[in-house]
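[1] could you look at this predicted model? Sequence included:
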Protein chains: 2
Amino acid sequence: MDVKSTLLIAAERLFDRHGFTATGVDRLTAAAGMSSRTLYKHAGGKTALIAAVLTERDRRFMRRLDVRSVDALFAALEDWVRVEGARGCLFLRAHGETGGATPEIAEVVMGHKAALRARIAEIVAVDVGDGEDAALAEQILILLEGATAAAVYRGPEAVAAARAAAGVLVAKARA
Amino acid sequence: MDVKSTLLIAAERLFDRHGFTATGVDRLTAAAGMSSRTLYKHAGGKTALIAAVLTERDRRFMRRLDVRSVDALFAALEDWVRVEGARGCLFLRAHGETGGATPEIAEVVMGHKAALRARIAEIVAVDVGDGEDAALAEQILILLEGATAAAVYRGPEAVAAARAAAGVLVAKARA
DNA sequence: GGAGATGTAAAACGTACGTTTTACATTTCA
DNA sequence: TGAAATGTAAAACGTACGTTTTACATCTCC
């Protein structure tokens, strides 16, 4: 595997498990098995590395959410939580740790959330039919965010509960 | 106002707006208008200060959630978001920044979440009647967490959407 | 009036931060 | 063959961290 990928994988793991600010460059280089010189050559700096990690995570996460029904959406999230664990939305965590004051990071975070919202709107449109139901899409988004947050202390069960709630809302929208 | 309260208020504001790790003791003392010697005398240290800030916030937040219906619960959250702003759950943010590795902090966070869950169970029991509906309470919890998270980028509208969704779920539980 | 508590201001503690530099080894490829 | 590219190891950059210490100014109240 190439150097950049090795770095991104190691960095994502450390950022996710220990936080962004708390993870120093020394720990990143040690985990990725490379010198700081190489890290700076490939990533540019710590801020750019965080942005790159988030960009890559966005790709990986959105690929998993390539589904055609609301129920499948929550099934995919449940899979994600079981495989990746639940430490809260990494994008919102990055945004919170930086106070939204780092444009390079804030941009990736807001881009991801916009894409997520758009994806959910698509899924709802396909699943419920009948044009677009903006209110329902917003509610599904909130259930997804809530499941992600609550899974930190409630585990995958939180996603199952969100899935059931979404089922009720979708059924009502279809009626 | 006494020194401790001044410190806690200033610290909560800085932690919330800029993150816990990113906020240094120098900035805390400057904002609170006191020397570091005084800060250490009253708070013990930065970790203990974070725990104290969270403990105080738990009191303040739970006092606001002293309501008797699910709809009033989300109305209270909407008030909170409009007054305090929406930067994500401060407890989960603290937990994420420390990787859950600081017992003093993890304890307050988990205590708060347990209290929140219990409070919601009470509200649901009173509002829906018919004994306790554990599944519904879990769904309301997830909507509340989701509204808190989504409000970061969707604003107070997210809480209104969660409120509407909760209304549907409660109506169905009553039927 | 004087002891004790409570505060400030400022320097210093050692450590760790993000980043750059120096010096050198290895690989790539015209 | 030899120069460019790509890597490591390690030291150094200045800054900021959390914390403690020293020295001094106020208050409070018996």
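    Sure, I can see it.
[2] CA only for contacts and neighbour counts going forward, please
    Noted.
[3] quick check: the residue of chain A nearest DNA strand C.
    Closest residue of chain A to DNA strand C, C-alpha to the nearest atom of the strand: A:G24 (3.1 Å).
[4] what pLDDT is listed against that residue?
    Per-residue pLDDT puts A:G24 at 97.
[5] neighbours of it, just the number please.
    13 (other C-alpha atoms under 10 Å in any protein chain shown).
[6] what's it sitting at in phi/psi?
    Main-chain dihedrals, A:G24, degrees, to the nearest 10: phi -90, psi 170.
[7] cool, and A:A22?
    Phi and psi for A:A22, reported as degrees, to the nearest 10, are phi -70, psi -20.
[8] number of residues surrounding it?
    16.
[9] how near is it to B:F91?
    For A:A22, the distance to B:F91 equals 17 Å [C-alpha to C-alpha, to the nearest Å].
[10] list phi and psi for the residue of chain A found nearest DNA strand D.
    Using C-alpha to the nearest atom of the strand, the closest approach of chain A to DNA strand D is made by A:M34 at 3.1 Å. With angles defined as degrees, to the nearest 10, A:M34 sits at phi -150, psi 160.
[11] swap in the one 4 residues further on?
    Taking degrees, to the nearest 10, you get phi -70, psi -40 for the backbone angles of A:T38.
[12] quick one: list the elements packing against the longest helix seen in chain A.
    Secondary structure assigned by DSSP state H gives helix A:103-128 as the longest helix of chain A. The contact analysis (3 or more C-alpha pairs under 8 Å, 6 or more residues apart in numbering or on different chains; DSSP states H and E) places helix A:103-128 against helix A:46-64, helix A:70-84, helix A:90-97, helix A:134-154, helix A:157-174.
[13] same list (these) but as JSON lines, adding distance to DNA strand C.
    Listed next are the helices and strands packed on helix A:103-128 as JSON lines, based on distance: least, C-alpha to the nearest atom of the strand, whole Å:
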{"stretch": "helix A:46-64", "distance to DNA strand C": "4"}
{"stretch": "helix A:70-84", "distance to DNA strand C": "24"}
{"stretch": "helix A:90-97", "distance to DNA strand C": "12"}
{"stretch": "helix A:134-154", "distance to DNA strand C": "25"}
{"stretch": "helix A:157-174", "distance to DNA strand C": "33"}
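[14] redo those as a markdown table? Include mean neighbour count and distance to DNA strand D.
    Shown next, in a markdown table, are the helices and strands packed on helix A:103-128 (neighbours: other C-alpha atoms under 10 Å in any protein chain shown; distance: least, C-alpha to the nearest atom of the strand, whole Å):
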| stretch | mean neighbour count | distance to DNA strand D |
| --- | --- | --- |
| helix A:46-64 | 17 | 13 |
| helix A:70-84 | 18 | 27 |
| helix A:90-97 | 24 | 13 |
| helix A:134-154 | 24 | 25 |
| helix A:157-174 | 19 | 33 |
